[in-house]
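Engineer: Provided below for reference: sequence and predicted model.
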Amino acid sequence: MKRGISNIIGALLFIIAIVAIISITMVAFYQLGTYADTIHYMESLERDRLFEKLIVDANYNITEGTLTIKITNSGSVVIHIVTILIHDLDSEVLYEAPVSERVIAPGQSTTYQIAIGAENINIILVTSRGNSYMIIIRDGVVQS
Amino acid sequence: MRKGVSQIVAAIILIVIAVSALIMYITNFVMYFEKSRGALVELFSQRKEMLLERLAFIYSYSSDSYIDIVVYNYGERAITINTIIVDGNPIDRDYYRVVTIEGTDLDYTIPLDNRLAIISITYPFPEGLHTITIFTELGNAFIYEFVVGGQV
């Protein structure tokens, strides 16, 4: 009788131990899997960030106060322009140009027209992957 | 007769002791197992959250007493700034702010719905190279170097 009970207790302990070990192993593998997915995702984000390449051609008409920016995506990934910042150095004001976000496919171009009434400005294009491109205008002339 | 009863009582006592010990053992084991599992999940999820934080330095303008750094959060998590160190000196929270381009205070956090922000630091910047290290609440460090006297 006692022998039977000790067998049952032993079996119970064994089952509990096995369930615990399997559970902890499964949890570890699941967490490791999601962690590896995150690493892979962020690596691909950084790789795409490196591959972003823009050719920016700017023309400033000082009499009309209009800046025309032609942006060509010369890289291999789709580029998303999220904002254009304008830093007016004369009045020391930084603001976002009232333009919409645009997506440029590789090999494609887009043109922005922005009304600016200043002669000394820095214009910064910002992409969704955190890259930025600056256009410098001094005395109404776009610097190369 | 008494001998028989005492054997049954002894067996019951033994069973009670064994079952009690088993319950104590199982309880401790489950607690230990839950603790280990929690620590494991915490460790991985914290490392994952750290990986999802990304901050790009976009532009800056400065004088000899302040610097405004335009940053862009291109990661997958909101970034909360914990500490800023300029040239090795920790800056008190009263001397820096995180604001939107329009100037609205963001309470030291760059959220995902307003990824573009300005970190404005009041600090005496003599001419030369300076290093700003931004530590986030999750423990990431973003380093920005600039030279006073021109835009970086």
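Structural biologist: Ah, there it is. As the structure is a computational prediction, the values presented were derived from the model and not from experiment.
Engineer: how about the strands in chain B?
Structural biologist: Remark: strands assigned in chain B by DSSP state E are B:55-62, B:66-73, B:79-86, B:89-90, B:96-99, B:109-110, B:116-122, B:128-136, B:141-148.
Engineer: Out of those, which gets nearest to A:Leu67?
Structural biologist: strand B:55-62 (17.1 Å; Cβ to Cβ). The way it works is simple: take the backbone N, C-alpha and C, and place the C-beta from them, glycine included.
Engineer: The closest one close to chain A?
Structural biologist: Yes. Strand B:55-62 reaches chain A (Cβ under 8 Å from any Cβ of the partner chain) through B:55-56, B:58-59, B:61.
Engineer: Just name the closest of these to B:Asn73, please.
Structural biologist: B:Leu55 (5.9 Å).
Engineer: where's the closest one relative to B:Ile143, distance?
Structural biologist: 10 Å (Cβ to Cβ, to the nearest Å).
Engineer: and these two? which has more neighbours close in?
Structural biologist: Legend: neighbour count by other Cβ atoms under 10 Å in any protein chain shown for B:Leu55 and B:Ile143, higher for B:Leu55 (22 against 10).
Engineer: anything in contact with each of B:Leu55 and B:Ile143?
Structural biologist: B:Ile134 (Cβ atoms under 8 Å, 6 or more residues apart in numbering or on different chains).
Engineer: Excluding chain neighbours, what is closest to the spatially most central residue of chain A?
Structural biologist: By Cα atoms, centre = their mean, the mean C-alpha position of chain A lies nearest to A:Arg129, the distance being 2.3 Å. Ranked by Cβ to Cβ, 6 or more residues apart in numbering or on different chains and with sequence neighbours excluded, the top spatial neighbour of A:Arg129 is A:Arg49, at 4.2 Å.
Engineer: Can you check what angle separates the strand or helix carrying the one you found from strand B:55-62?
Structural biologist: Here A:Arg49 sits within helix A:2-51, counting by DSSP states H and E. Helix A:2-51 runs at 40 degrees relative to strand B:55-62, counting by axes from the mean of the first three to the mean of the last three Cα atoms, to 10 degrees.
Engineer: Buried residues of the helix or strand following helix A:2-51, list them for me.
Structural biologist: Counting by DSSP H and E, the next helix or strand C-terminal to helix A:2-51 is strand A:54-61. Across strand A:54-61, burial judged by 16 or more other Cβ atoms under 10 Å in any protein chain shown covers A:54, A:58, A:60.
Engineer: Quick one: distance of stretch A:76-92 to the chain centre.
Structural biologist: Taking Cα atoms, centre = their mean, to the nearest Å, one finds stretch A:76-92 lying 15 Å from the centre of the chain it belongs to.
Engineer: Could you do stretch A:63-75 as well?
Structural biologist: 22 Å.
Engineer: Now for B:Tyr96, how many residues are close by?
Structural biologist: The number of residues near B:Tyr96, taken as other Cβ under 10 Å, comes to 22.
Engineer: In this structure it contacts B:Thr83, no?
Structural biologist: No. Between B:Tyr96 and B:Thr83 no contact is recorded; they are 9.8 Å apart, counting by Cβ atoms under 8 Å.
Engineer: Need the phi and psi values for the residue of chain A found nearest chain B.
Structural biologist: When scored by Cβ to the nearest Cβ, chain A has A:Gly130 as its residue closest to chain B, at 2.9 Å. Phi and psi for A:Gly130, reported as degrees, to the nearest 10, are phi 90, psi 10.
Engineer: can you pull the contacts of it?
Structural biologist: A:Gly130 touches A:49, B:54-56, B:58, B:72, B:74, counting by Cβ under 8 Å, 6+ apart.
Engineer: can you give me the offset of the helix holding A:Arg49 from its chain's centre?
Structural biologist: Centre to centre, stretch against its chain (Cα atoms, centre = their mean), the figure for helix A:2-51 is 32 Å.
Engineer: for stretch B:35-51, same thing?
Structural biologist: That offset, for stretch B:35-51, works out to 12 Å (Cα atoms, centre = their mean).
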